[in-house]
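Participant: just coords:
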């Protein structure tokens, strides 16, 4: 049974690491023969991976534990993590080596990516626990100021997100797209590319691609230009 | 107001600007002649509808920044007014924002009666109005406060 998490001062440096995958971080822990836990958070979910002398012995995520919990955590596109050396467990639900676990996690991620690329984007997937957010929404969720992001077709059908919030954002995004196209047509300045609405409480971003629209809502206190650049950087990542 | 709008065109990359009200009236503009009155009126009508539509999701629209293949449209919302500025895609947006702030300050300092008179003038039948020209300078006598063209407005 896991010991309760202790919010105590950590020795050494605490900081943020960007550009490193979770697999890299876990490999570093393994190389350092780390014992303790690694708490990984993504959106409103939190998973814990337990190490003992550099090997993973247990993992927990919601109702999942063991290898399935570990693979689910590894499948997240982004998030935050922190080490808790004093948080340990006596459970031993994982017996595979660290190298095997990472390779298996990467294989599962490749399979999932391959199968999602083969599906038609116009189909709306059935809810999967958290209403099945699209990959792009998951990537953008690592930006703190972003409240919600979705992909939709040019006729307003939201892709891979059946939440009520997505429906509202999708409607506003479509409204903005139609207005932009109409006013652009009025002035004769070509195809619509992108729009930003600076709001008092929330900002709205809309990006056009060949067959889809990306609609993002963000906190009104955020700097619009910086956020626009950050969004473009994230969606430009492969 | 025409002179104020002409000031925006001094920003490199700006093709023209337009001041409209919430009734869809174009109060002043600094567009080249090939942007006719119907084009600007159509844009002004679109503006008044859209801002109300996005009120809930944004908590109040302050500015639109819309990018197109051949240009960029910046629309600043004011109480009961809109300023739309048409630019080239590579316009220096920060410089434009500074110039826009200057224009807004000047407009805010205008007597409210002058805006009402301009709105009434726009509401007159088109045949009673002179053609709109981007480079026209307002004759001195017409700049006097209280001078109206045509029937006096009623309120």
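Facilitator: Sure thing, it's come through. These numbers were taken from a predicted model, which means no experiment stands behind them. Numbering: from 1, shown residues only, chains lettered A, B, ... in the order given.
Participant: drop to CA atoms for contacts and neighbour counts, all remaining ones
Facilitator: Noted.
Participant: who's the nearest residue to residue B:29 once chain neighbours are set aside bridged to?
Facilitator: Spatial nearest neighbour of residue B:29, chain neighbours left out: residue B:18 (4.1 Å); criterion: CA to CA, 6 or more residues apart in numbering or on different chains. For residue B:18, the beta-bridge partners under DSSP bridges are residue B:29, residue B:84.
Participant: distance of residue B:18 from residue A:228?
Facilitator: Remark: distance between residue B:18 and residue A:228 (CA to CA, to the nearest Å) = 26 Å.
Participant: what does chain A have sitting close to chain B?
Facilitator: Within chain A, the positions near chain B by CA under 8 Å from any CA of the partner chain are A:169, A:172, A:175-176, A:179-180, A:182-184, A:186-187, A:189-204, A:220.
Participant: 7 Å instead?
Facilitator: Residues of chain A lying close to chain B by CA under 7 Å from any CA of the partner chain are A:172, A:179-180, A:183, A:186-187, A:189-203.
Participant: the residues you listed in strands, which ones?
Facilitator: Residues of those located in strands (DSSP state E): A:192-199, A:202-203.
Participant: if we only consider these, which is nearest to residue B:24?
Facilitator: Of all those, residue A:197 has the smallest distance to residue B:24: 20.1 Å, by CA to CA.
Participant: which of the residues of chain A next to chain B are buried?
Facilitator: Listed as buried from these are A:172, A:179-180, A:183, A:186-187, A:189-203; burial here means 16 or more other CA atoms under 10 Å in any protein chain shown.
Participant: quick one: the helix or strand that contains residue A:205 to strand A:192-199, angle?
Facilitator: Using DSSP states H and E, residue A:205 sits within strand A:202-208. Calculated by axes from the mean of the first three to the mean of the last three CA atoms, to 10 degrees, strand A:202-208 forms an angle of 180 degrees with strand A:192-199.
Participant: the helix or strand of chain A with the lowest mean pLDDT packs against which elements?
Facilitator: One helix or strand of chain A scores below all others by mean pLDDT, DSSP states H and E: helix A:135-140, with a mean of 78. With contacts taken as 3 or more CA pairs under 7 Å, 6 or more residues apart in numbering or on different chains; DSSP states H and E, helix A:135-140 sits against helix A:224-236.
Participant: buried ones in the helix it packs on, by neighbour count?
Facilitator: For helix A:224-236, by 16+ other CA under 10 Å, it's A:224, A:227, A:231.
Participant: redo the residues you listed as a markdown table? Include pLDDT.
Facilitator: As requested, the buried residues of helix A:224-236 are exported to a markdown table (pLDDT from 0 to 100):
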| residue | pLDDT |
| --- | --- |
| A:224 | 91 |
| A:227 | 90 |
| A:231 | 89 |
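Participant: ok, so of the residues you listed, who is nearest chain B?
Facilitator: Nearest to chain B among the buried residues of helix A:224-236: residue A:224, at 10.4 Å, using CA to the nearest CA.
Participant: got the contact list for that closest one?
Facilitator: Taking CA atoms under 7 Å, 6 or more residues apart in numbering or on different chains, we find residue A:224 in contact with no residue.
Participant: pretty sure residue A:112 is in a helix, no?
Facilitator: Yes - checked against DSSP: H, G, I helix; E, B strand; the rest coil, residue A:112 lies within a helix.
Participant: for it, give me its contacts.
Facilitator: Per CA under 7 Å, 6+ apart, neighbours of residue A:112: none.
Participant: still on that earlier bit, give me the angle between the strand holding residue A:205 and helix A:224-236.
Facilitator: Using the same axes, to 10 degrees: strand A:202-208 against helix A:224-236 is 40 degrees.
Participant: next structured bit after strand A:202-208?
Facilitator: strand A:212-219.
Participant: and for that following strand, what's in contact with it?
Facilitator: With contacts defined as CA under 7 Å, 6+ apart, strand A:212-219 is touched by A:145-154, A:170, A:173, A:201-208.
Participant: the spatially most central residue of chain A and chain B, how far apart?
Facilitator: For chain A, the residue nearest the mean C-alpha position is residue A:138 (3.0 Å; CA atoms, centre = their mean). Distance, residue A:138 to chain B, using CA to the nearest CA, to the nearest Å: 21 Å.
Participant: same check on residue A:156?
Facilitator: As judged by CA to the nearest CA, residue A:156 and chain B stand 16 Å apart.
Participant: count of neighbours near that residue?
Facilitator: Here the number of neighbours of residue A:156 (other CA atoms under 10 Å in any protein chain shown) works out to 18.
Participant: report the central residue of chain B.
Facilitator: Nearest residue to the geometric centre of chain B (CA atoms, centre = their mean): residue B:19, 0.8 Å.
Participant: do I have it right that that residue meets residue B:25?
Facilitator: No - when contacts are counted by CA atoms under 7 Å, residue B:19 is not listed as touching residue B:25 (8.5 Å).
Participant: returning to that earlier point: emit the PyMOL select command for whichever of the contacts of strand A:212-219 are buried.
Facilitator: If you want just the buried ones from the contacts of strand A:212-219 in PyMOL, going by 16+ other CA under 10 Å, the selection is:
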select buried, chain A and resi 145+146+148+149+150+151+152+153+154+170+173+201+202+203+204+205+206+207+208
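Participant: just the pLDDT at residue B:117, thanks.
Facilitator: You'll see residue B:117 listed with a pLDDT of 55.
Participant: which residues are contacting whichever helix or strand residue B:46 is part of?
Facilitator: Assignment of secondary structure by DSSP H and E places residue B:46 within helix B:37-53. Contacts to helix B:37-53, defined as CA under 7 Å, 6+ apart, come from residues A:179, A:183, A:186-187, B:20, B:22-26, B:61.
Participant: anything in stretch B:56-67 near chain A?
Facilitator: Yes - interface with chain A: stretch B:56-67 contributes B:57-67 (CA under 7 Å from any CA).
Participant: looking at this, residue B:103 is in a helix?
Facilitator: Yes - the assignment for residue B:103 (three-state DSSP) places it in a helix.
Participant: I'd like the distance between it and residue B:47.
Facilitator: Counting by CA to CA - residue B:103 and residue B:47 are separated by 19 Å.
Participant: quick one: low-confidence parts of chain B?
Facilitator: Applying pLDDT under 70 to chain B flags residues B:112-155.
Participant: pretty sure residue A:109 contacts residue A:75?
Facilitator: Yes - between residue A:109 and residue A:75 a contact is recorded at 6.1 Å, counting by CA under 7 Å.
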